[in-house]
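J.: sequence first, then the predicted structure, then my questions.
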Amino acid sequence: MPRRLVSLVLGLGLSILCVACTRVLERPSAAPTRGATESPRPESTASASKSLRVGLYPYVPRVEQFANAIRRTWSQRQPRVSLEFVDWTGGYEGDPAGMDVFVFDAVFLDDFRERDYLARLAPDEVDGRDDFLDFAIEGVHDRGSYSAIPMLACTHLLFYAEGDAPLAAAKTLSAVTEVLAQCSYTSQRPSATRGLMLDMQGGTTNACLYAALARGDSGPESSAASVMRSDLDPAAIGRMRALLARSSFLGATQEPSNGQYGRTTWLSQGYGRAAMGFPESLSATNAEDREKLRFALFPFGDDPSASPLFYADVIAVSRTTRERALAIELANLMASTEVLVASLRSEAGAPPQYLLPTRRSAFRSLAQHDPTYARLWQIVRRSDPTLFNLGSDARSWIESMQDPIKTRSRMEYPCGCTQAVGALASHSEAEATCPTACRELGGWSGLWSASAANEHGAPSAACRCNACSAPSPLKDN
């Protein structure tokens, strides 16, 4: 995702999608096994075959397509050096112990530098530097060397339907929230073309969203120190609340019933008016519906000229590898146009993955064969993004602040929630049932529905409660 800059460390307030895309972040809720386990390896000898241990970024539509493309291309170059793909979280938990090469979310770039996980690469050890998007290669540059090699980018997009002129014209956060009505639905999935769908479920996702909103209109020179604080920015929390009010509490805080990319899928099918999501969510839509969607960079502030934040998944060579030369060769191969195109294109009837390659040549190749990639390329080439880098204390800040951010952003939610109940045939039945159903949710609002269709299409009676969660012990100050 947004590759920033000068390596900027995310600035200010710095989505995040943490999304992320989530980049976030809790991309799939069923996360892979956390952390790579270290196992002993024999010393390499001239006569024995060698092996490299590799950790891929797991939160992509089809990680196995990456592994297959890498293994196939590598075997042609180094047939006597095998690859072992190990479980790895992409940097959100654990450490890269025992791996030779690993891919991680660059929000942790400075953090991993501080932890001494990363081998420094000389300029002549990074192939085709001029082919990378500027924000990506500049973002991993540090004092004359490179801490990693860019691979993929991601950023928050605003998805909306073809022909929605007001949203197409909304270039600022205030304009987006003005166009989208508050409290337009309370179910997980909108039943009509109204409301915003977005992900505010996971802790890392919320922390990165907060950081992006806190950075707001700042330029690439803004520092991470301005956002990485224990006292939360009231303006950023207010922006999170404004977005949540354009969604539904259930829709934003629970994973969609149709999977991690379900919000974009629902929008493509005519449910809801807009969605915030990552480009790869387009991989869950069919070609006909996908053509009806329009998308633009999601604005996190009110200055249309502000530098957008892009996440990046970058390839690191472990500082402790015993096979530095081979590891560097593999890292460059993983970032090559050949491997990126093979990893991202349509395969076996599945659509392209719609992750954003950080190599211009790979992006152009994909755009030549797929109209959606062509539209994404036009957005990226016209932007001047900054790398989303949360600084040297990224992990500890996320760990300590994710719960306060989540709690405060959900406080004073104005729209209420529906509580599913048994069949309701009359208002008198609702009067007998709903006060109990809403007892822990702020009481009953007096509204009810007899057979509102849920996201599965099945009828379900429901009571409208005044709140969506039990009162929080935190004070809103």
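T.: Alright, I've got the coordinates.
J.: these two touch, right, residue 62 and residue 353?
T.: Yes - with contact defined as Cβ atoms under 8 Å, residue 62 reaches residue 353; the gap is 6.1 Å. Where you see a C-beta, it was placed from the backbone N, CA and C, and this is true even at glycine.
J.: out of the two, which sits in the more crowded spot?
T.: Remark: of residue 62 and residue 353, residue 353 carries more neighbours, 23 against 17, as counted by other Cβ atoms under 10 Å.
J.: let's verify residue 54: helix, strand, or coil?
T.: Three-state call for residue 54 (DSSP: H, G, I helix; E, B strand; the rest coil): strand.
J.: for it, give me its contacts.
T.: 70, 83-86, 99-102, 330 (Cβ atoms under 8 Å, 6 or more residues apart in numbering).
J.: what's the nearest residue to residue 233 if we skip its chain neighbours?
T.: residue 214 (4.7 Å; Cβ to Cβ, 6 or more residues apart in numbering).
J.: oh, that last question was meant for residue 271, not what I typed.
T.: residue 190 (5.1 Å).
J.: doesn't residue 184 make contact with the one you found?
T.: Yes - here residue 190 reaches residue 184: they are 7.3 Å apart, a contact under Cβ under 8 Å.
J.: give me the common contacts of the two.
T.: Joint contacts of residue 190 and residue 184 (Cβ under 8 Å, 6+ apart) are residue 273.
J.: now the residue of the chain most remote from its centre: how far from residue 211?
T.: Using Cα atoms, centre = their mean, the residue of the chain lying farthest from its centre is residue 428. It sits 45.6 Å away. Distance of residue 428 to residue 211, given as Cβ to Cβ, to the nearest Å: 50 Å.
J.: could you do residue 379 as well?
T.: 22 Å.
J.: equivalent analysis for residue 120, please.
T.: Distance, residue 120 to residue 211, by Cβ to Cβ: 27 Å.
J.: more neighbours, the two?
T.: residue 211 (33 against 15).
J.: hmm, that one is touching residue 391, no?
T.: No - using Cβ under 8 Å, residue 211 is not in contact with residue 391; the gap is 9.8 Å.
J.: which SS class is residue 315?
T.: Using three-state DSSP, the structure places residue 315 in strand.
J.: give the buried residues for the host helix or strand of the residue farthest from the centre of the chain.
T.: Element membership of residue 428 [criterion: DSSP states H and E] is helix 427-437. Buried residues in helix 427-437, counted by 16 or more other Cβ atoms under 10 Å: 429-430, 433-434, 437.
J.: now swap in stretch 345-357 and tell me
T.: Buried-residue list, stretch 345-357, by 16+ other Cβ under 10 Å: 345, 347, 351-357.
J.: please apply the same query to stretch 232-241.
T.: Quick answer for stretch 232-241 (16+ other Cβ under 10 Å): 232-233, 236-237, 239-241.
J.: before we move on, what about stretch 130-143?
T.: 131-141.
J.: now do stretch 142-155
T.: Applying 16+ other Cβ under 10 Å to stretch 142-155 flags 146-155 as buried.
J.: over to stretch 236-256?
T.: Quick answer for stretch 236-256 (16+ other Cβ under 10 Å): 236-237, 239-253, 255-256.
J.: which residues are contacting whichever strand or helix holds residue 84?
T.: Counting by DSSP H and E, the element that carries residue 84 is strand 81-85. The contact list for strand 81-85, computed with Cβ under 8 Å, 6+ apart, reads 49-56, 67, 70-71, 74, 326, 330.
J.: so where's the stretch 1-150 of the chain shaky on pLDDT?
T.: Applying pLDDT under 70 to the stretch 1-150 of the chain flags residues 1-48.
J.: where do the strands of it begin and end?
T.: Using DSSP state E, counting those that start in this stretch, the strands assigned to the stretch 1-150 of the chain run over residues 3-4, 50-55, 81-85, 101-105, 141-142, 145-146, 149-154.
J.: and residue 405, which of the ones you listed is closest to it?
T.: Residue 405 sits nearest to strand 101-105 of all the strands of the stretch 1-150 of the chain, at 17.8 Å, using Cβ to Cβ.
J.: returning to that earlier point: so which of the contacts of strand 81-85 comes closest to residue 263?
T.: Among those, and counting by Cβ to Cβ, the member closest to residue 263 is residue 56, at 24.9 Å.
J.: okay, strands next: where are they in the stretch 151-300 of the chain?
T.: 157-161, 196-197, 274-277, 293-297.
J.: show me how far the shortest one is from its chain's centre.
T.: Think strand 196-197. 16 Å (Cα atoms, centre = their mean, to the nearest Å).
J.: can you name every helix or strand that it contacts?
T.: Contact analysis of strand 196-197 by 3 or more Cβ pairs under 8 Å, 6 or more residues apart in numbering; DSSP states H and E lists helix 262-268, strand 274-277 as its packing neighbours.
J.: repeat that with 6 Å
T.: With contacts defined as 3 or more Cβ pairs under 6 Å, 6 or more residues apart in numbering; DSSP states H and E, strand 196-197 has no helix or strand neighbours.
J.: contacts for that strand?
T.: Strand 196-197 has contacts (Cβ atoms under 6 Å, 6 or more residues apart in numbering) with 180, 246-247, 251, 263, 272, 274-275.
J.: check pLDDT for those and point me to the minimum.
T.: Minimum pLDDT for the contacts of strand 196-197 is recorded at residue 251 (93).
J.: which one is it nearest to, not counting chain neighbours?
T.: Counting by Cβ to Cβ, 6+ apart, residue 188 is the residue found nearest to residue 251 once chain neighbours are left out, at 4.8 Å.
J.: what do you get for residue 466?
T.: Closest to residue 466 by Cβ to Cβ, 6+ apart is residue 442, at 3.4 Å.
J.: okay, and the one you found sits in which element?
T.: Counting by DSSP H and E, no helix or strand carries residue 442.
J.: show me what contacts it?
T.: 465-467.
J.: just the pLDDT for it.
T.: 87.
J.: thinking again about what came up before, how close does the residue nearest to residue 271 sit to residue 440?
T.: 25 Å.
J.: same question for residue 413.
T.: Distance check for residue 413 against residue 440: by Cβ to Cβ, it reads 15 Å.
J.: so which of those two has more stuff around it?
T.: Counting neighbours by other Cβ under 10 Å for residue 413 and for residue 440 shows that residue 413 has the greater number, 22 against 13.
J.: confirm that the more buried one sits in a strand.
T.: No - read with three-state DSSP, residue 413 is coil and lies in no strand.
J.: ok, it - contacts?
T.: Taking Cβ under 6 Å, 6+ apart as the test, what residue 413 contacts is 249, 468.
J.: hmm, try it at 8 Å
T.: 241, 244-245, 249, 467-468.
J.: would you list the residues you listed in TSV and tack on distance to residue 172?
T.: As requested, the contacts of residue 413 are exported to TSV (distance: Cβ to Cβ, whole Å):
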residue	distance to residue 172
241	17
244	18
245	17
249	25
467	30
468	28
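J.: could you dump these to CSV with pLDDT and distance to residue 287?
T.: CSV is the format used below for these (pLDDT from 0 to 100; distance: Cβ to Cβ, whole Å):
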residue, pLDDT, distance to residue 287
241, 97, 37
244, 97, 32
245, 96, 34
249, 93, 33
467, 84, 41
468, 84, 36
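J.: out of those residues, list just those in helices.
T.: 241, 244-245, 249 (DSSP state H).
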